[in-house]
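>>> just to be clear, the model below is a prediction. Sequence and coordinates:
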Amino acid sequence: MKFLVLLAVVAYAAAEGVKYDESAASIVRSSFDSSPEGNSFSYGFESNNGIKAQADGVVKNPNGENPALEVKGSVNYNSPDGTPVELVYVANENGYQASGSHVPVPPPIPELILRSLQYIAEHPAPVERVVKKN
């Protein structure tokens, strides 16, 4: 009888798939480093459920008029359906730019719109001069 109960439990687990409790994940590797001047850093971590992340940051033009932080990094994990996902990004004065297989890509700009934009660039609007009369 015990054998049948054990067989039923194993069959149920195989049919449903054993789900991993993500809340029980632990960090297996972690690193952080920053420069003594405070103008660069790097970090990385990896968990036992396959999540990995790393980033490097640097202050560009630190003593200039427009200093800017630039961070380059990546994140890897498996989606709930098991598909590997990789995200690579850059964040700087031009905003956040991400790329990866799961990041949507906009459709190409239609030819008519491209031609219209080119025409507008080649034919700027005339500048009106306002003359005051006394």
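Yes, it's here. Since we're looking at a predicted model, the values are computed, not measured.
>>> quick one, phi psi at residue 42?
Dihedral angles of residue 42 (phi, psi; degrees, to the nearest 10) stand at phi -150, psi 150.
>>> list the neighbouring strands of the lengthiest strand in the chain plus their orientation.
As assigned by DSSP state E, the longest strand anywhere in the chain is strand 68-78. In the sheet, strand 68-78 lines up against strand 52-60 (antiparallel), strand 84-92 (antiparallel) (DSSP bridges).
>>> could the ones you listed be laid out in CSV, adding distance to residue 110 and mean pLDDT?
Placement of C-beta: from N, CA and C, glycine included. Putting the strands paired with strand 68-78 into CSV (distance: least, Cβ to Cβ, whole Å; pLDDT from 0 to 100) gives the following:
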stretch, distance to residue 110, mean pLDDT
strand 52-60, 36, 94
strand 84-92, 28, 94
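>>> would you turn those strands into CSV with distance to residue 107 and mean neighbour count?
Formatted as CSV, the strands paired with strand 68-78 follow (distance: least, Cβ to Cβ, whole Å; neighbours: other Cβ atoms under 10 Å):
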stretch, distance to residue 107, mean neighbour count
strand 52-60, 30, 15
strand 84-92, 21, 14
